[in-house]
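[1] A predicted structure for the sequence below; I have some questions about it.
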Amino acid sequence: MDFGYAPRVQTLRRQVQDFLEDYLLPHNLQWHRAVADGQFPLQLMEDLKALAKWDGLWNLFLPELPEDAPGTRLTNLEYAPLAEIMGRLPWAPEVFNCNAPDTGNMELLNLFATPEQRERWLMPLLEGEIRSCFAMSEPDVASSDATNIQTSIRRDGDAYVINGRKWFITGPAHPNCRLAIVLGVSDEGEDADPHARHSMVLVPMDAPGLEVVRNIPIMHHRAAEGHCELVFRDVRVPAGNLLGDEGQGFRMAQARLGPGRIHHCMRTIGQCEVALELMRERAMERRSFGKYLSEHANVADWIAHSRLEIDQARLLVLQAAWQIDEHGARAARTAVSGIKVVAAQLQTRIVDRAMQIFGAMGLTPDTPLSYLWTWGRAMRFLDGPDEVHLRVVAKDEFRRAREAPRGATSQYFTLEQDLRDTH
Ligand SMILES: Cc1cc2nc3c(=O)[nH]c(=O)nc-3n(C[C@H](O)[C@H](O)[C@H](O)COP(=O)(O)OP(=O)(O)OC[C@H]3O[C@@H](n4cnc5c(N)ncnc54)[C@H](O)[C@@H]3O)c2cc1C
């Protein structure tokens with residue numbers, strides 16, 4: 001088993017790291033100033049995107065990149081260490097056209113779009129000319145169970161008519177967001193199969209009747225691209241805007257969340273590395289009760305545990321990425337669910353330790369910690385809450401138990417009575 005990164009990946013890692021340090025970090029303050037003023041720094045983003053595209057650091061997330069699309073084709077395993085570096089700076093992934101939710105949407109369109117839909121939506125997304133959102137979650141139903149989704153998608157002649165309310169939809173506040181991929185019910189029959197009654201339609205963001213009601217703050221943090229509430233009132237789109245087949249919405253939503261889910265986990269590793277670097281530095285420069293913080297045993301333990309836990313999580317991310325490459329997203333489902341739980345919980349745990357070491361300053365926007373904690377907490381819901389993913393992992397364990405030869409584990413027992421018999 002070779003744990004080293006391939007030479008090509010090592011070169012790309014250096015390139016992405018250098019790009020981040022040379023071109024992005026010098027603009028970090030400018031970025032945050034604009035966002036604090038309620039502006040999306042579009043020109044800065046577009047200039048940096050052009051530079052990244054020119055450097056070939058573009059669309060690195062998509063192994064099946066269409067031949068006529070710009071970018072570098074990588075496997076998920078090769079992409080993981082690059083996403084880790086991008087994750088270090090929360091606004092960096094878009095610069096490389098590797099940000100959620102567009103990556104998941106591009107994967108979905110690449111799998112299911114018609115030639116016309118590819119031309120109109122996928123190619124501009126791959127070029128970075130437009131942005132998109134994925135509208136599934138709704139305020140009135142438990143959205144961790146996609147079969148609950150209620151928004152209605154009704155066929156009317158040569159059009160679909162959409163009515164419903166969505167929330168926590170990432171992306172609509174981005175000035176270039178042009179497309180919503182909407183999941184809704186297309187078969188309202190009472191005896192319809194709950195896994196075959198939903199469909200997806202492609203809705204232009206400027207469609208009459210589509211309103212962005214608000215950008216919902218996440219623990220007082222208002223994202224520049226938005227986590228928005230949307231209302232659809234008699235929104236009409238041509239029938240040709242159906243993605244895939246009618247009734248396939250649930251299945252496509254599952255397909256979308258394969259690789260897309262582990263991209264967040266890859267970035268988490270980078271964010272946890274930043275938190276660990278900050279806590280190391282702080283612990284080695286600040287003194288209390290006659291010692292450096294690093295000399296207090298509990299602080300040293302927190303730092304050591306953080307290193308071990310990040311390295312464990314990185315191995316799980318790489319293993320899940322490898323499984324997707326080798327066996328496909330469906331076969332990797334348990335590994336993906338597993339790392340989704342581990343990564344989200346890791347981020348809040350490690351950032352919490354870093355905050356503790358920083359003292360009160362750790363809670364302010366002066367360090368990136370409060371944002372990183374907030375994002376880690378959100379990760380425990382987005383793309384499915386921990387509990388739903390744990391259920392997938394547990395199911396797989398019970399399947400193994402059912403498939404194991406009967407009585408195989410009983411050989412490990414040494415019953416007290418049997419011990420007595422032999423003596
Ligand atoms: C920052 C952020 C961005 C998001 N972006 C998007 C987006 O772009 N598009 C989109 O459609 N949605 C998005 N979401 C919404 C997210 O996908 C949902 O919040 C998530 O699916 C959970 O749905 P819910 O909030 O309705 O929780 P519910 O489904 O109401 O669940 C509440 C709780 O019930 C428990 N629970 C649920 N099911 C089970 C189970 N099977 N076993 C045990 N316990 C269970 C869990 O503890 C869960 O946290 C985003 C959310 C956040 C926070």
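    Alright, I've got the coordinates.

[2] Roughly how far does the residue lying closest to residue 275 once chain neighbours are set aside sit from residue 340?
    Leaving aside its sequence neighbours, residue 275 sits nearest to residue 354 (Cβ to Cβ, 6 or more residues apart in numbering; 4.2 Å). C-betas here are computed from N, CA, C, even on glycine. Counting by Cβ to Cβ, to the nearest Å, the separation of residue 354 from residue 340 is 22 Å.

[3] how about the residues of the protein near the ligand?
    Contact residues (Cβ under 6 Å from any ligand atom) of the chain with the ligand: 101, 133-137, 142-144, 168-170, 218, 227, 378, 381-382, 384-385, 387-388, 391.

[4] Among the residues you listed, which ones are in strands?
    Judged by DSSP state E, strands contain the following of the residues of the chain next to the ligand: 133, 134, 135, 168, 169, 170, 227.

[5] could the residues you listed be laid out in CSV, adding pLDDT and neighbour count?
    CSV is the format used below for those (pLDDT from 0 to 100; neighbours: other Cβ atoms under 10 Å):
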residue, pLDDT, neighbour count
133, 98, 28
134, 97, 25
135, 98, 31
168, 98, 20
169, 98, 25
170, 98, 23
227, 98, 23
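
[6] quick one: the strands in the protein?
    Counting by DSSP E, the strands of the chain are 131-135, 152-156, 159-170, 177-185, 198-204, 210-215, 227-238, 242-243, 287-288, 291-292.

[7] Let me see the mean pLDDT of the fifth one.
    Right, the one you point to is strand 198-204. Averaging pLDDT along strand 198-204 yields 98.

[8] what comes up buried for it?
    For strand 198-204, a neighbour-count test (16 or more other Cβ atoms under 10 Å) marks 198, 199, 200, 201, 202, 203 as buried.

[9] Looking at the residues you listed, which is nearest residue 76?
    Ranked by distance to residue 76 (Cβ to Cβ), the buried residues of strand 198-204 are led by residue 200 at 23.4 Å.

[10] residue contacts, the closest residue to the closest one other than its chain neighbours?
    Excluding the flanking residues, the one nearest residue 200 by Cβ to Cβ, 6+ apart is residue 243, at 4.3 Å. For residue 243, the contacting residues are 108, 109, 112, 113, 117, 181, 199, 200, 201, 202, 252, by Cβ atoms under 8 Å, 6 or more residues apart in numbering.

[11] so residue 393 sits right up against residue 339, yeah?
    No - when contacts are counted by Cβ atoms under 8 Å, residue 393 is not listed as touching residue 339 (10.2 Å).

[12] Residue 230 - how many residues pack around it?
    Neighbour count of residue 230, defined by other Cβ atoms under 10 Å: 25.

[13] what's near enough to touch the residue nearest to residue 275?
    Contacts for residue 354 (Cβ under 8 Å, 6+ apart) come out as 275, 276, 278, 279, 282, 362, 369.

[14] Would you reformat those residues as a markdown table and include pLDDT?
    A markdown table is the format used below for those (pLDDT from 0 to 100):
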| residue | pLDDT |
| --- | --- |
| 275 | 98 |
| 276 | 98 |
| 278 | 98 |
| 279 | 98 |
| 282 | 98 |
| 362 | 97 |
| 369 | 98 |
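
[15] any idea which of those has the most stuff around it?
    Within the contacts of residue 354, most neighbours by other Cβ under 10 Å means residue 275, with 28 neighbours.

[16] From residue 355, how far out is it?
    Taking Cβ to Cβ as the measure, residue 275 and residue 355 are separated by 9 Å.

[17] Now do the shared contacts for those two.
    Residues touching both residue 275 and residue 355 by Cβ under 8 Å, 6+ apart: residue 369.

[18] Next one: the closest residue to residue 393 other than its chain neighbours from residue 388, what distance?
    In space, and not counting its chain neighbours, residue 393 is closest to residue 338: 5.2 Å by Cβ to Cβ, 6+ apart. Counting by Cβ to Cβ, the separation of residue 338 from residue 388 is 12 Å.

[19] now the residue lying closest to residue 376 once chain neighbours are set aside: how far from residue 164?
    Closest residue to residue 376 apart from its sequence neighbours, by Cβ to Cβ, 6+ apart: residue 347 at 3.0 Å. Per Cβ to Cβ, residue 347 is found 32 Å from residue 164.

[20] And these two? Which one has more around it.
    The residue with more neighbours, out of residue 347 and residue 164, is residue 347; 30 against 21, by other Cβ under 10 Å.
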